[in-house]
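Enquirer: Sequence and predicted model, in that order:
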Amino acid sequence: MKYIREIFLATSLGLLFGCATPTMYQPLTDDQGYQSIQLSENVWQVSFKGNNVTDIERVRDLGMLHAAEVGLTNGYNYFAIKDDQNQEKIRESSRGAMYMGAWGCGLGPCGGIGYGDNFRASRHRVERVIVFFKDKPEDLITYDARLVQTEVRAAYGI
């Protein structure tokens, strides 16, 4: 009976933590997703926040996708990054904690005890100030909004 409980606990924890997925491409909801604020006629601040299982590459790419879509929606074909900030929010715990719990089980008692130690979670955020252009400027490094949109959507199956 003791091993059945341990197997049940391990399976339950595996299912619980195995369900975590990276942040989807979505408007800012529950402190994850994209957001944009217009600063002037052709300048926006765009950001993308990931959850604790979203890696920095995905956050950066989905931030670029949002910049491209803001530009295309507003009639701009090209954009340049004026300011690019990457932030990482880290939450760590090196102290252990004891957890006890009971689950609704069928016949007989059910429950579990767990101990956690050295927990680390990080969340990435990218925030950029973007300048948009209708025509490609000659003297700036710019991104083609349609190409960025196509490539990033294809890379992430969006």
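Expert: Yes, it's here.
Enquirer: Quick one: residues in contact with stretch 72-81.
Expert: By C-beta atoms under 8 Å, 6 or more residues apart in numbering, the surrounding residues in contact with stretch 72-81 are 42, 67-68, 71, 128-137, 140-146, 149. Yep, even glycine has a C-beta here, placed from its N, CA and C like the rest.
Enquirer: quick one: the helices in the chain?
Expert: In order along the chain, the chain carries the following helices (DSSP state H): 2-18, 56-73, 145-156.
Enquirer: pLDDT on the first one, on average?
Expert: What it means is helix 2-18. Average pLDDT, helix 2-18: 48.
Enquirer: what does the longest one give?
Expert: Over the span of helix 56-73, the pLDDT mean works out to 97.
Enquirer: now swap in stretch 23-30 and tell me
Expert: Mean predicted confidence for stretch 23-30 is 92.
Enquirer: repeat for stretch 141-158
Expert: On average, stretch 141-158 scores 97.
Enquirer: Residue 147 and residue 64, how far apart?
Expert: Distance of residue 147 to residue 64, computed by C-beta to C-beta, to the nearest Å: 11 Å.
Enquirer: Counting neighbours, go ahead and name the busier of the two.
Expert: The neighbour comparison of residue 147 against residue 64 (other C-beta atoms under 10 Å) goes to residue 64, with 23 against 12.
Enquirer: Contacts only, for the more buried one.
Expert: Per C-beta under 8 Å, 6+ apart, neighbours of residue 64: 143, 148, 152.
Enquirer: got those residues as JSON lines, with distance to residue 32 and neighbour count columns?
Expert: Putting the contacts of residue 64 into JSON lines (distance: C-beta to C-beta, whole Å; neighbours: other C-beta atoms under 10 Å) gives the following:
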{"residue": "143", "distance to residue 32": "24", "neighbour count": "18"}
{"residue": "148", "distance to residue 32": "21", "neighbour count": "21"}
{"residue": "152", "distance to residue 32": "17", "neighbour count": "21"}
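Enquirer: Number of residues surrounding residue 155?
Expert: Quick note: residue 155 (other C-beta under 10 Å) scores 13 neighbours.
Enquirer: can you check residue 125 too?
Expert: 19.
Enquirer: In contact with residue 142, which residues?
Expert: 78-80, 133, 136.
Enquirer: Of those residues, just say which sits nearest to residue 47.
Expert: Ranked by distance to residue 47 (C-beta to C-beta), the contacts of residue 142 are led by residue 79 at 14.7 Å.
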